[in-house]
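K.L.:
Take this sequence and fold it.
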Amino acid sequence: MKWTLFGLGLATFTSLASVCLAAPPVGQGALRFSGSVVEASCSASSSAVGWRLDGCPTQVRPPDIHVQQMDVAALNAPSVKVKLIASDTQGRQYSQHYALVSDKGEPVTRGNYLITLTVP
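P.N.:
Okay, the predicted model is just below:
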């Protein structure tokens, strides 16, 4: 009887031990991520009446535009502002058309200006 009980206990212990050993090992190691997410940049073009930004990602909208007059003779001239003429969104990209205008709203076609476009 003792040997039967001992055999039964040994069989139970062996079967439970094999289940515990059959568990998958805990993975060890390190994950490393490298690289960057790159969006296509805008393409800019200019004309006599202003400039266009085409194919800009919608995440960088709206840009901050600053205009500075570069002519020494134009220091007393009226200030110039940037006016958005047209805007078009197509999916994940947008296009915008800008022009320089005076305080009176008239288009500015002469002069030297430094235009700084900052996109977040």
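
K.L.:
for the nearest residue to A44 once chain neighbours are set aside, what are its contacts?
P.N.:
Once flanking residues are discounted, A44 sits nearest to L53: 5.6 Å by Cβ to Cβ, 6 or more residues apart in numbering. Glycine gets a C-beta too; all of them are placed from N, C-alpha and C. Taking Cβ atoms under 8 Å, 6 or more residues apart in numbering as the criterion, L53 is in contact with 42-44, 63, 95-96, 98, 117.

K.L.:
Quick one: buried ones out of these?
P.N.:
Using 16 or more other Cβ atoms under 10 Å as the burial test, the contacts of L53 include 42, 63, 95-96, 98 as buried.

K.L.:
from the residues you listed, which single one is nearest P57?
P.N.:
Nearest to P57 among the buried ones among the contacts of L53: C42, at 8.1 Å, using Cβ to Cβ.

K.L.:
in the sheet, who's paired with A99?
P.N.:
Taking DSSP bridges as the rule, A99 bridges to K83.

K.L.:
got the contact list for it?
P.N.:
49-50, 82-83, 85, 107-108.

K.L.:
Apply 10 Å and report the result again.
P.N.:
A99 makes contact with 47-51, 81-86, 107-109, according to Cβ atoms under 10 Å, 6 or more residues apart in numbering.

K.L.:
out of those, who's nearest L10?
P.N.:
L84 (85.0 Å).

K.L.:
Alright, I will stop here.
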